[in-house]
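Enquirer: mind folding the following:
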Amino acid sequence: MLQRKQMWFWLAVSMLAITSLAWCSGDPSAGQQKNPKKSAAADQNVVDRPTDPSLYVGSDTCKTCHEQEAASYEQGPHWKTTLPKHTGPEWQGCEACHGPGKAHAESADPEKIIRFGSLTREESSRRCLGCHEFGQEHSNFLRSPHLLNNVGCVDCHSVHAPKVNRQLLKAAQPELCYSCHLEVKPAFAKPYHHRVNEGLINCSDCHNQHGGFLPKQLRSTAAQDQVCFTCHTDKAGPFAWEHAPVKTEGCMACHTPHGSNNPRLLKRSQVNLVCLECHTLTVDAPAPGIPSFHNQAQKYQACTMCHTAIHGSNSDRTFFKP
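Expert: This next block holds a predicted model:
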């Protein structure tokens, strides 16, 4: 009985070894479907730019078929890629973006050229960043919230059919931003708002749409001082006596950035209600409590009637005077 079990065991091991040998020595493509016809983008890394001059035909050859695209190209800023400072044919003209065009020109096969519509958002953006990655503005785009949410360069910019020639935008701000960020659009329709809809400022004045290291892609420090003080320079200081929340929590401690139903974009309808969020006697933080003579009657409710220099003062520690 034991001999029979051993015989079956070694027979099973032998069969397994023969199967494994046949699998390893056989055709690796056996049992697999043949890959469909690949495009030029699939055959090569879209970031790579071959340097062999024989693979390139030049923009003049492209114009013979793509007249409309060539006309829009020459009216935009990308014609500068034909300047001598971009050495090598891989950085010249149409083929700087679409890759070497010889195979496509000879066969008229659209699969023989890099087409941005067939690329993923990351692939097409990496292609753009081959030129635009230098400098602070675009250096963080690959890890930006936009690209992480599958929003690439081609969603906002159009080389051949821009609606705004400057920056080749598909639409003007803020409508371009509203196409995704519908949650902030109503704020700019409130009685008191930053003049974004009026065109006085743009979303990109405060936010870096190409990515950064701060929440909501802000172009500022944690206190948002650099963004706000770009316009509100009189609040920038430095002051001999600083109002602590301005430096620790930033302008958003008291103000809403997009729009509000309250004057001066305040978070509360009354000034004293904003102040009382900090200046209230509590068990945990008794220090900034309200003095006894502030009885919150109507005449005392507007704190800024007395504390006029609420953002900081050079002459008064209680902010009575600037």
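
Enquirer: I'd guessed Asn140 sits against Leu214; true?
Expert: No. Using CB atoms under 8 Å, Asn140 makes no contact with Leu214, being 10.5 Å away. Heads up, the C-betas are built off the backbone N, CA and C, glycines and all.

Enquirer: assign a three-state SS to the residue lying closest to Asp205 once chain neighbours are set aside, would you?
Expert: Leaving aside its sequence neighbours, Asp205 sits nearest to Thr230 (CB to CB, 6 or more residues apart in numbering; 7.3 Å). Each residue gets one of three states, and Thr230 gets coil by DSSP: H, G, I helix; E, B strand; the rest coil.

Enquirer: just name the shakiest helix or strand of the chain by mean pLDDT.
Expert: Counting by mean pLDDT, DSSP states H and E, the chain has its least confident helix or strand at helix 40-43, which shows a mean of 48.

Enquirer: what's the burial count for Phe319?
Expert: By other CB atoms under 10 Å, 21 other residues sit near Phe319.

Enquirer: how close does it get to Glu111?
Expert: Phe319 sits 70 Å away from Glu111, going by CB to CB, to the nearest Å.

Enquirer: likewise Asn150?
Expert: 24 Å.

Enquirer: what's the domain layout of the protein?
Expert: With domains defined by automatic domain parsing, the chain comprises 43-114, 135-212, 220-313.

Enquirer: which one of those lies closest to Cys128?
Expert: domain 135-212 (4.5 Å; CB to CB).

Enquirer: work out the gap between that closest one and the centre of the chain.
Expert: 8 Å (CA atoms, centre = their mean, to the nearest Å).

Enquirer: how many other residues sit next to the nearest residue to Arg268 once chain neighbours are set aside?
Expert: Nearest non-adjacent residue to Arg268, counting by CB to CB, 6+ apart: Val274, 4.7 Å away. Neighbour count of Val274, defined by other CB under 10 Å: 21.

Enquirer: just the CA coordinates for the helix or strand containing Glu69, please, in PDB.
Expert: Using DSSP states H and E, Glu69 maps to helix 67-75. As requested, C-alpha coordinates have been extracted for helix 67-75 and formatted as PDB (Å, rounded to 0.1, in the frame of the first residue of the first chain):
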ATOM      1  CA  GLU A  67      -3.200  73.800 -43.600                       C
ATOM      2  CA  GLN A  68      -5.700  74.900 -40.900                       C
ATOM      3  CA  GLU A  69      -3.500  73.600 -38.000                       C
ATOM      4  CA  ALA A  70      -0.400  75.200 -39.500                       C
ATOM      5  CA  ALA A  71      -2.100  78.600 -39.700                       C
ATOM      6  CA  SER A  72      -3.200  78.500 -36.100                       C
ATOM      7  CA  TYR A  73       0.200  77.200 -35.100                       C
ATOM      8  CA  GLU A  74       2.000  80.200 -36.700                       C
ATOM      9  CA  GLN A  75      -0.300  82.600 -35.000                       C
END
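
Enquirer: before we move on, back to that, helix/strand/coil for the residue nearest to Arg268?
Expert: helix.
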